[in-house]
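[1] pasting the sequence and the predicted coordinates here, then a few questions.
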Amino acid sequence: MLQSSNKTPSSLDGILSVNSVKWENGSSFGGSQDSLDSHGDVSDLLPPVLTPNGLKLDGGLHFRQMSSGSISDNGHSAIEEGLVICTTESEILTTQSDQSSSAQSNASLQPKLLRKINSYHSKEDLLRLVSSYHSVLDEINLVTCVYRLARMYSSIRNPAARNRWSMELRNESSFLQLLGAIQGHMLNAQLQLIEKGSFKGLDAQCLSNLIWAMVKLDVSSEPCSPGYEVVQNASPLVMYFLSNSSSQGLANLLWAYSKMTVPLMDVMMMIVAEMANRLHSVESMTQFDAQALSNSIWALAHMRSKPAELDTIAGIPGLTIHFMFGITECASNMLNGLRTRSDLTHMQASMQQAEKRFSCQALVNICWSLSSMLGADCVQLPNINSLFMSIRAEAMVRLRATSTALQLKQAWALRAQGGFNEQALSNIVYAFDRATLLDRDLLQAVYAVASMRLEASTQAGLRPAFKSQELCTLLRAAQTNIAQPWEFLNKLCDAIAANPHMIDSWSAAERGELQRAVALLDVYRTTLALQQLKLAQQLQLQQQQLYSPANALAAQLSSLSLAGHFGLQPGLPQLLGQQQPGHMLYPSTLNLGGGGDLLQHLQMMSMPRPGAF
C-alpha cells in the first residue's frame, strides 16, 4: 500500500478566519482566528461572572449560540445570528429550556423540508424555499438544495437555454444566501474539527455531492467566485473523510476537482492515493464501476501533467503509474466478463446490457486518457497494451452493431447516446492513433458509422451532431492512408452542401484541415474518373478491331466524348503523371451536388480580408 510520509487525510491547511459577530444593537465585533485565540470568547472582553450552570455572565450579559445553527442572510458563521442576550439567571434557565425545545422542533422539521426540497423540479420553487428557510435548514438540506439545482441544470440540453438558466441562477439573491449558509457550516465544522477533533452534521457523501454540484453548476471555476470559496473551505473536510468515502464518491470528487479552472492539486493527489490503494485491493476493487474508472482516469489526464510531475505533487514516487495500472486491471476484468453480440436476433438486448455494464463513452474515455498521458508508451507496457486490444475487440462488435442498427433505422442507434455516437467515434480514433495502435479495420468501421450518422442527419434536414473538433480528428486520420475515407468524405461534403453555415464557426486551423481533406477527395475522384476512362477506352479499342478503317475516326471522337463525360480536360492525365511525390493536386472545381465549389469557397475563406492585418 502506498503511503505519503508528509500528509494525512485530516490535514486542515488553509482554514479561513472566523467571521464577525454582531451585537444586538447592530454594532459588530470583528474577530479573526488570532483574536479569538487570544481572547478566548467575545464575553472575555468583559469582567467574568460564573453562573450556576458553568457559563459566563460577563457584566450581567450572557451570550449563547442557538442550537438550530442559524445562518445569517449574508452567509456569515452560525455564531452571527445565534447570539441571544440574557439579563437574569431565571432568563438563562428559561432560555435553556427553550433551546432544548427548539432543537427538538428543528430536528423534526428537517425531514419534512428534505421531502419538500426533493419534490421541486424548478429552480424558482426551490429558491423560494431557500429564501424562506435558509436560516433553519441543516447542512444536509442545504447541500441537497445545491445538488438538486445541479441536477436540474444537467438535464437542460439546449446550450442557449443552459446559459440563460445559469445566468438567472447567478443573479438570484437567494442562491447567494444558499452559498453563504453552506459557507458558514463549512467554517463551523472546521472549528469543531480543530477544537474537538470531530464534527457533526456532515458526512462523506454529503461533501462529495456538494463538490460535484458546485462544479457542475459552474459557479466555482474562478478563484474569486463564492462557489470557489465554498469548495476551498469544504476541502479539508473532504480530506478528513477520504477513508470513509465510497468508491463512486471518490471518483466524483476527482472528476469535479479536475474541472476547476485552478484545481486543488494537493487534494486531487490525496484522492488518487486513496483510490490507488483500493484499486489494487481484491476486496475493494469490485466497488468501482466502469463510469467511475472512466471519470477517474479522465480527471488525471485532464491535468495535462506528466506522471512524474503528479508524483512530485503527491510526494509519493510511482503513484500515478500505480494508479493507472489499477484502472487497467479493473477495466480488463470488466471487459473479460462482457459477452456483447452483434447478431440481429440478440443485438438490441445485448447492446443495451453492454451499455449498462460498460458504456461506449467509458470504453473510449479510458483508452483516450491512457494514450493522452502515455502516448506511444502504451505499446511498451504489456498490461496497458493488452487493455487496448480488449477495448478494440469490444469496440469492433459495437461498431458493427451500430452500423447494422443505423441501416435498419432502429431507434436505439438513432438516439444521441445509442451505440457509438459522434464523440465516441472521434475519441477512439484519437486514442488508438496516439498510442500507435490504429489499424485499417478499426478505422474503416469508424468511417462506416460516421458516414451513416452524417447521412441520417442530412436526410432529416438536420445539422450534423458532430462537433468541429470531432470531425477534424477523423479528417486528420484520412491523411494517414490507413483506411479508405472516401464514403465518409463524400457524406461530409453532402452535409456541408446542405448546411453551409455549419462551418462558419470553425477556426482557421479546422478549415485548413477540411480543405486538405476535400482536396484529397478531389484527387481521388479525378483518379477514379481517369481509371474509368481508361477502362472505357480499352473496351472501345477492342471494339475498334471489329470496325473497318473508315470507322476509326468515329471511335476516336467517341473517346474524346467519354473524357468530356468524366469532366476531364486534355492534358489532365499528363498533369497527374507529372505531380511530384508529397505535392497534392488542388483542382479548381469540385461539384458537390449543387453545394457549389467547396474547395474554392474554403480557399476564399482562408484569404485575409481587405484591410486586415
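    Ah, there it is.

[2] C-alpha from now on. contacts and neighbour counts both.
    Will do.

[3] and residue 137, which of the three is it?
    coil (DSSP: H, G, I helix; E, B strand; the rest coil).

[4] if you skip the residues just before and after it, what's nearest to it?
    Using CA to CA, 6 or more residues apart in numbering and skipping the chain neighbours, the partner closest in space to residue 137 is residue 110 (6.9 Å).

[5] in what helix or strand does that neighbour lie?
    Here residue 110 sits within helix 89-119, counting by DSSP states H and E.

[6] repeat that for residue 487.
    Secondary structure (DSSP H and E) places residue 487 in helix 486-498.

[7] which other helices and strands contact that helix?
    On a contact count with 3 or more CA pairs under 8 Å, 6 or more residues apart in numbering; DSSP states H and E, helix 486-498 meets helix 440-459, helix 508-544.

[8] go through these and pick out the most buried.
    Highest mean neighbour count among the helices and strands packed on helix 486-498 (mean count of other CA atoms under 10 Å): helix 440-459, with a mean of 20.

[9] how distant is that helix from the center of its chain?
    24 Å (CA atoms, centre = their mean, to the nearest Å).

[10] who does that helix touch, helix- and strand-wise?
    Counting contacts by 3+ CA pairs under 8 Å, 6+ apart, helix 440-459 is packed against helix 382-407, helix 422-434, helix 486-498.

[11] could you redo the last one with a cut-off of 7 Å?
    If you count contacts as 3 or more CA pairs under 7 Å, 6 or more residues apart in numbering; DSSP states H and E, helix 440-459 packs onto helix 382-407, helix 486-498.

[12] reformat those helices as a markdown table; add mean neighbour count and distance to residue 530.
    Shown next, in a markdown table, are those (neighbours: other CA atoms under 10 Å; distance: least, CA to CA, whole Å):
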| stretch | mean neighbour count | distance to residue 530 |
| --- | --- | --- |
| helix 382-407 | 20 | 32 |
| helix 486-498 | 20 | 16 |
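
[13] tell me how far the residue nearest to residue 118 when sequence neighbours are not counted lies from residue 372.
    Excluding its sequence neighbours, the residue lying closest to residue 118 (CA to CA, 6+ apart) is residue 148, at 7.2 Å. Using CA to CA, to the nearest Å, we find residue 148 at a distance of 34 Å from residue 372.

[14] ok, back up a step: among the helices and strands packed on helix 440-459, which is nearest residue 367?
    helix 382-407 (6.7 Å; CA to CA).

[15] walk me through the domains of this protein.
    Split into domains by automatic domain parsing, the chain comes to 337-505, 514-606.

[16] between the ones you listed, which gets the lowest average pLDDT?
    Among those, domain 514-606 has the lowest mean pLDDT, at a mean of 62.

[17] re the thing from before, redo the domains of the chain as TSV? Include distance to residue 250.
    Listed next are the domains of the chain as TSV, based on distance: least, CA to CA, whole Å:
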stretch	distance to residue 250
domain 337-505	17
domain 514-606	41
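
[18] so where do the helices sit in the stretch 151-300 of the chain?
    All helices of the stretch 151-300 of the chain, identified by DSSP state H, counting those that start in this stretch, fall at 159-170, 173-196, 204-216, 226-240, 247-258, 265-279, 290-302.

[19] ok, which of those helices comes nearest residue 428?
    Nearest of the helices of the stretch 151-300 of the chain (CA to CA): helix 290-302, 13.6 Å.

[20] helix or strand right after that closest one?
    helix 307-314.

[21] and the following helix or strand past that following helix, how far out from the chain's middle?
    Counting by DSSP H and E, the next helix or strand C-terminal to helix 307-314 is helix 319-336. The chain centre lies 20 Å from the centre of helix 319-336; the measure is CA atoms, centre = their mean.

[22] quick check: next helix or strand after helix 319-336?
    Counting by DSSP H and E, what follows helix 319-336 is helix 347-357.

[23] what is the orientation angle of the helix or strand just after that following helix with helix 347-357?
    Once the chain leaves helix 347-357, the next helix or strand it forms, by DSSP H and E, is helix 360-374. For helix 360-374 against helix 347-357, the angle by axes from the mean of the first three to the mean of the last three CA atoms, to 10 degrees is 50 degrees.

[24] angle of helix 360-374 against helix 290-302?
    With the same axes, to 10 degrees as the basis, helix 360-374 and helix 290-302 are set at 30 degrees to each other.

[25] so how far is residue 138 from the residue nearest to residue 137?
    For residue 110, the distance to residue 138 (CA to CA) stands at 7 Å.

[26] before we move on, back to that, need the helices and strands packed on helix 440-459 in CSV with distance to residue 473, can you?
    Output for the helices and strands packed on helix 440-459, formatted as CSV (distance: least, CA to CA, whole Å):
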stretch, distance to residue 473
helix 382-407, 18
helix 486-498, 13
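
[27] among those helices, which comes closest to residue 234?
    It's helix 382-407; of those, that one is closest to residue 234 (CA to CA) at 35.5 Å.

[28] elements contacting that closest one?
    Counting by 3+ CA pairs under 7 Å, 6+ apart, helix 382-407 packs on helix 319-336, helix 377-380, helix 411-414, helix 440-459.

[29] could you identify the helix or strand that succeeds the longest one?
    In the C-terminal direction, the helix or strand that comes right after helix 440-459 (DSSP H and E) is helix 468-478.

[30] in that next one, what's buried?
    Across helix 468-478, burial judged by 16 or more other CA atoms under 10 Å covers 468, 470-475, 477-478.

[31] and the angle for it with helix 440-459?
    Going by the same axes, to 10 degrees, helix 468-478 makes 140 degrees with helix 440-459.

[32] which residues does helix 468-478 contact?
    Outside helix 468-478, the residues within contact range by CA atoms under 7 Å, 6 or more residues apart in numbering are 423, 426, 430, 485, 506, 510, 513-514, 517.

[33] farthest pair within those?
    485 and 506 (21.2 Å).

[34] give me the more crowded residue out of those two.
    residue 485 (23 against 15; other CA atoms under 10 Å).

[35] residues in contact with that one?
    447, 478.

[36] please redo it, this time with the cut-off set to 10 Å
    443-444, 446-448, 451, 474-475, 477-479, 517, 520-521 (CA atoms under 10 Å, 6 or more residues apart in numbering).

[37] just put those in a markdown table and tack on distance to residue 325.
    What follows is the contacts of residue 485, written out as a markdown table (distance: CA to CA, whole Å):
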| residue | distance to residue 325 |
| --- | --- |
| 443 | 27 |
| 444 | 30 |
| 446 | 28 |
| 447 | 31 |
| 448 | 33 |
| 451 | 36 |
| 474 | 29 |
| 475 | 32 |
| 477 | 29 |
| 478 | 32 |
| 479 | 33 |
| 517 | 38 |
| 520 | 41 |
| 521 | 42 |
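
[38] just curious, which of those residues is nearest to residue 131?
    Distance to residue 131 across the contacts of residue 485 (CA to CA) is lowest for residue 474, with 50.2 Å.

[39] gap between that closest one and residue 138?
    51 Å.

[40] try residue 491
    57 Å.

[41] likewise for residue 274?
    29 Å.

[42] which of these two has more residues huddled nearby?
    residue 138 (26 against 20).

[43] ok, the more buried one touching residue 184?
    No - shown here, residue 138 and residue 184 do not form a contact pair, counting by CA atoms under 10 Å, at 11.1 Å.

[44] wait, isn't residue 375 in contact with residue 385?
    No - applying CA under 10 Å, one finds residue 375 not in contact with residue 385, separated by 11.4 Å.

[45] give me the common contacts of these two.
    residue 435.

[46] next secondary structure after the helix holding residue 110?
    With elements assigned by DSSP H and E, the helix or strand that comes after helix 89-119 is helix 123-133.

[47] which residues does that next one contact?
    70-71, 73, 113, 116-120, 134, 136-137, 141-142, 145-146, 148-150, 152-153, 165, 168-169, 172-178, 181.
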